[in-house]
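Student: Okay, predicted coordinates and the sequence, questions at the end:
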Amino acid sequence: MTSLLIAALVLALMAVAYQQGVSRSKALAGAGRLHSRPQYHGALLALWATLPLLSILFLWLVTSGTLQDWYIAGQIPAEIAPGSSDYAGAAARLRNIASGFGVAGEAQAWETTAGANLARFNTTLLMAAVGLGAILGVAGLVLMRGRLSPRMRARNHVEAAIKALLIFCSVVAILTTLGIVVSLVTETIRFFTFVSPVDFFFGTVWNPGYSTTSNEASGSYGMLPLLLGTVMISVIAMAVALPVGLMSAIWLTQYANPRLRNVIKPVIEVLAGIPTIVYGFFALVTVGPALSGLGDLVGLRVNATSALTAGIVMGIMIIPFISSLSDDIIRQVPRAMRDGSLGLGATKSETIRNVIVPAALPGIVGAILLAVSRAIGETMIVVLAAGNAPILRFNPAEPTSTFTVTIVTALTGDADFASPQSLVAFALGLTLFVITLMLNIGALAIVRKYREQYE
Amino acid sequence: MTEILETEAAANDRRRAQVRKSLARRNGAETRFKLLGLASVLAAMAFVAVLFGNILMKGVPAFWQYNLDAEVYFDPAVINLPERPVQQAGQSEADFRVEMLGWQRRLALVNWNRLIVAAVDNAGSGVEVDDRAAVSIIDSGARFVLRDMVAADPALIGQTVPVRLLLSADGDNWAKGKLSRDLPDNRQQLTRPARDAIDALIETGAVHPAFAWHIFTNVDSRASPASAGLAGAFMGSFYMMLVVILLAVPIGVASALYLEEFAPKNRVTDLIEVNINNLAAVPSIVFGLLGAAVFINIFHLPLSAPLVGGLVLTLMTLPTIIIATRSALRAVPPSLRQAALGIGASKMQMVFHHVLPVTFPGILTASIIGVAQALGETAPLLLIGMNAFVANIPATPLDQSAALPVQVYLWQGNENRNFFEERTFAAIIVLLGLMILLNALAIWLRTRLERKA
């Protein structure tokens, strides 16, 4: 209710200021030629009126909790020690009385008065904030209204404000990267106070101990088994996605007639839009048992949840990624190269194999790197279908584990956030981030260089 | 002379034969290559077909569940309740809450199972079932259905009312024939009389399948899996998408506008550009780590809240929206900009009055596709506690909640695999249906708006 009133106040002030600006500037228009159209004068006044009010309200939002705590501390009698659970309970009761919710049973006399005081304090604080903001807003309005003149560059001021907003928005992306790097690095450093980096990066055993009594690291945190699992699954995924994706792209660009192509391409790209959790469940209940049954037929023991299951399904997921990237790249190969080869009497497939693919190779390598980085960072398929067995072994038919699986298990368990069992997720996340970043930078550099070559 | 001619002719023949042979080989290779390409395309299409066929085949049956049409007698001897309390004048909110809770506790303590047992006994199966077996046939959520009926209308007490009671997960499995009938008693979830009673009631038509609307209207439940639904997860996803639309779209479009139209070409803008391209390829789980470390651990935002999930997904979709909007802006012909600038518009006016309206269809499509991508994302949500079991429909974005993809993850892990495998596929169908709807909307809007423009 109160927040609606405040919002209404802000909107009303904004509307009044805008209207004032417009009418004032229309009045000024008689005195001389206006630099800016009346709307800009209105917008300028609206900015000057609402910005002070909004900043004061923001300040109130940030500080009111602390101020309230400070006031409550003065209201609670000295015999209740601050920091005790009684103190927290008393504070909660006061807040409930102040908000009008009341407490069950009889409130003590001091509680009633203190609650009333607190309610008065809260109201005063809010009224003070709103009042101060409104006064400042009106002052800004009056001040700028007096300074309006026909020659005033109101449009430039308003445009500068909009531009500032646009710049702020594009900085959000930078802040995100910064946030990722800073949070991953600080938590990783905290993790390395428990486990030495050498043990982490070169250890061959992943077996975090879960000690219940202390936060000390027990067990071993060697990431090589996870690295092996990640690499194995990515290799299997690429073994599925690369031939199918690349050959599809070649067939669609070189052989298919355009009408057929316009139907088939979107159908294949549907694979890219399916959530990974769906692939994961499909792998778990359909592909895994099918592979296991197939293995039984030929006398091989294939586990239903294994690197093979996760890898094959991940490969299916990556097919459209490879095919649409290669499609773009193949189309960029100059026509003259293709025509020259065909003119010399090479067949279509010879042209493709000996001219087009070699010419497009750098771009295709870039696409592969991007696909690998996606495979490494993929989470839900491996969480469901890889079996979560962080053991160093090279058999793809056995369950395995990856970076992403371990991050999920580490942060969804019951371990305390500050314990090494949880913090290890950030060390793994940082490793993952660095690997994918390097792959992406490499891929983008290759693709860009390749584009320049033919432009 | 003739000899030379002859050898020349022979050499020509030989060469021709050689060429013909190699040509056959080369044409064979050509055909094989072409078939290989075709096979790849067919394989990719087959994957799509198998995936969707599998999901539909396994998921669609879950939308029909078996029910028992029962006559429930609200026995006054069983339901022993005082009057429902009304807030008295001068009574504090907290005191009234205490009194109401007391009444609700009385309501909850009523042995609703007695009513259900009586209803099953009177259903006319002709099979003698003991109380436990009778209760095991019906979903345990039926208790709350009866309780809520009485809470809404205490006049029901003493009357006999026809009520459609949902069969329990085990009962549904048996009725659908998902369990082998040859298994010995000790490996069946239901006792023999219970199974016989279900078979007999199917025979009489009292137990029959009906569309399971509760999948859409109920929240998740562990105690009564048969009546577990997606309403809570749907609202959680809805709030998250709201946050994404309110934050990611304006911020993404604004930063694309700045980078494409206003930014000077210098080191800083280069850095932003490289940064956005890389951010688009950062694995989604890393955004989850960011959310866990910053939003949860530093800002102490609530765990499992759609607001936090929405913020994480916003950061994740931002690069997608920026990149797509920039390419839409780049497609605007320079003549439009030059014309606007030429007749004296400022740069800001040129962008907001002329360029932005033309790119609107492109931006809209990019935003919808970004939102659809965010809707299906699971991994980052697991790291900010959204994998918690929540049996509520969130009232605000700050309440604990599930989300559709996370619900899929939770249901696939349920112990009652026989029942929940199908149910999980049903949740997947709902999720995919929403995504297809969003993408169709994007395509429809684009064609419609582009035709207008």
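Tutor: Good, I have the coordinates.
Student: quick one, what contacts residue 283?
Tutor: Since you didn't name a chain, this refers to chain A. A:309, A:310, A:312, A:313, A:381, A:384, A:385 (C-beta atoms under 8 Å, 6 or more residues apart in numbering or on different chains). Backbone N, C-alpha and C define where each C-beta goes, glycine included.
Student: actually chain B
Tutor: A:373, A:374, A:376, A:377, A:378, A:379, A:404, A:432, A:433, A:436.
Student: which helices and strands sit right next to the longest strand seen in chain B?
Tutor: Longest strand in chain B by number of residues (criterion: DSSP state E): strand B:64-73. Contacts defined by 3 or more C-beta pairs under 8 Å, 6 or more residues apart in numbering or on different chains; DSSP states H and E place strand B:64-73 against helix B:112-121, strand B:160-166, helix B:169-175, helix B:192-204, strand B:207-211.
Student: Pull out the buried residues from the helix or strand just after it.
Tutor: Where DSSP states H and E defines the elements, the next helix or strand beyond strand B:64-73 is helix B:93-109. Neighbour counts using 16 or more other C-beta atoms under 10 Å in any protein chain shown place B:94, B:95, B:96, B:107 of helix B:93-109 among the buried residues.
Student: So which of those residues reach chain A?
Tutor: Intersecting these with the contacts of chain A gives B:94, B:95 (criterion: C-beta under 8 Å from any C-beta of the partner chain).
Student: if we take the buried residues of helix B:93-109, which one ends up nearest to chain A?
Tutor: Nearest to chain A among those is residue B:94, at 4.0 Å by C-beta to the nearest C-beta.
Student: Need the per-residue pLDDT for that closest one.
Tutor: Residue B:94 carries a pLDDT score of 83 in this model.
Student: now it: how far from residue A:106?
Tutor: 11 Å (C-beta to C-beta, to the nearest Å).
Student: ditto for residue A:206
Tutor: Between residue A:206 and residue A:106 the computed distance is 59 Å (C-beta to C-beta).
Student: Next: residue A:321.
Tutor: Residue A:321 is 68 Å from residue A:106, by C-beta to C-beta.
Student: Likewise for residue A:300?
Tutor: To residue A:106, residue A:300 is 76 Å away according to C-beta to C-beta.
Student: circling back: which one of residue A:206 and residue A:106 has more residues nearby?
Tutor: Higher neighbour count among residue A:206 and residue A:106: residue A:206, with 21 against 9, using other C-beta atoms under 10 Å in any protein chain shown.
Student: rewinding a little: sort out which of the contacts of residue B:283 are in helices and list them.
Tutor: Among the contacts of residue B:283, the residues falling in helices (DSSP state H) are A:373, A:374, A:376, A:377, A:404, A:432, A:433, A:436.
Student: could you pull out the helices for the stretch 201-350 of chain A?
Tutor: For the stretch 201-350 of chain A, the helices defined by DSSP state H, counting those that start in this stretch cover A:224-250, A:258-273, A:276-282, A:288-298, A:307-331, A:335-343, A:348-351.
Student: ok, and for the second one, which residues are buried?
Tutor: Right, helix A:258-273. Buried residues in helix A:258-273 (16+ other C-beta under 10 Å): A:261, A:264, A:265, A:268, A:269, A:270, A:271, A:273.
Student: Where does the prediction get shaky in the chain?
Tutor: All of this refers to chain A. Counting by pLDDT under 70, chain A has low-confidence residues at A:1, A:210-217, A:454-455.
Student: Chain B was what I was after
Tutor: Along chain B, segments meeting pLDDT under 70 span B:1-3, B:452-453.
Student: Smallest distance to chain A belongs to which residue of it?
Tutor: Closest residue of chain B to chain A, C-beta to the nearest C-beta: residue B:283 (2.4 Å).
Student: State the distance from that residue to residue A:422.
Tutor: As for residue B:283, its distance to residue A:422 is 19 Å (criterion: C-beta to C-beta).
Student: Return the member of the contacts of residue B:283 nearest to chain B.
Tutor: residue A:377 (2.4 Å).
Student: Where do the strands of chain A begin and end?
Tutor: Using DSSP E, strands in chain A cover A:206-209, A:218-221.
Student: okay, the ones you listed in a markdown table with distance to residue B:165 next?
Tutor: Output for these, formatted as a markdown table (distance: least, C-beta to C-beta, whole Å):
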| stretch | distance to residue B:165 |
| --- | --- |
| strand A:206-209 | 48 |
| strand A:218-221 | 51 |
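Student: how near is residue B:274 to residue A:364?
Tutor: As defined by C-beta to C-beta, residue B:274 lies at a distance of 22 Å from residue A:364.
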